[in-house]
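[1] build me a structure from this.
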Amino acid sequence: MLKKVLSGLLLCLSFIGTANAGSVSGETITGTGCNSSGICFINMSGDPFGPSACQSRQVTFNGRTADGKSFFASALTAKVSESEVRLGFSDSECNGSNPSLTFLTIL
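    Next up is the predicted model:
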């Protein structure tokens, strides 16, 4: 019984966290880098994605934060290993002309 309750709670919480987000899965990283201001980018294979105001095959993020450093390390690992990734982006926020990265998972 406790397992069912905890499973249900986890499922509900997962929907709360993704209520305003999109994701792309099964694509590979074609490039990554950062500029001198700490703004980093990840270029993806496949079709453009993101909010209509900033659809792109590139996501950007602040590489100077703890999350940003983790995103960049994961992106480099995925690129070198040629692994497919799943990345999340905001459905409502643009970071300049690109979607804002919210998560990155190596598949």
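
[2] show me what the lengthiest strand in the chain is in contact with.
    Ordering each strand of the chain by length in residues (DSSP state E) puts strand 21-34 first. Strand 21-34 is contacted by residues 40-46, 49-50, 63, 72, 75-76, 78-79, 82-91, 99, 102-103, 107 when judged by C-beta atoms under 8 Å, 6 or more residues apart in numbering. Using the backbone N, CA and C atoms, a C-beta is placed for each residue, glycine as well.

[3] pLDDT of it, averaged?
    Averaging pLDDT along strand 21-34 yields 93.

[4] what are the pairing partners of that strand, and which direction each?
    Sheet pairing here is set by DSSP bridges, and for strand 21-34 it gives strand 39-44 (antiparallel), strand 84-95 (antiparallel).

[5] would you mark the buried spots in the longest one?
    For strand 84-95, a neighbour-count test (16 or more other C-beta atoms under 10 Å) marks 85, 87-91, 94-95 as buried.

[6] related to what we said a few turns ago, narrow the contacts of strand 21-34 to those that are buried.
    Using 16+ other C-beta under 10 Å as the burial test, these include 40-44, 49-50, 63, 72, 75, 78-79, 85, 87-91, 99, 102-103 as buried.

[7] quick one on the thing from earlier: reformat the strands paired with strand 21-34 as JSON lines; add mean pLDDT.
    Below are the strands paired with strand 21-34 laid out as JSON lines (pLDDT from 0 to 100):
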{"stretch": "strand 39-44", "mean pLDDT": "95"}
{"stretch": "strand 84-95", "mean pLDDT": "89"}
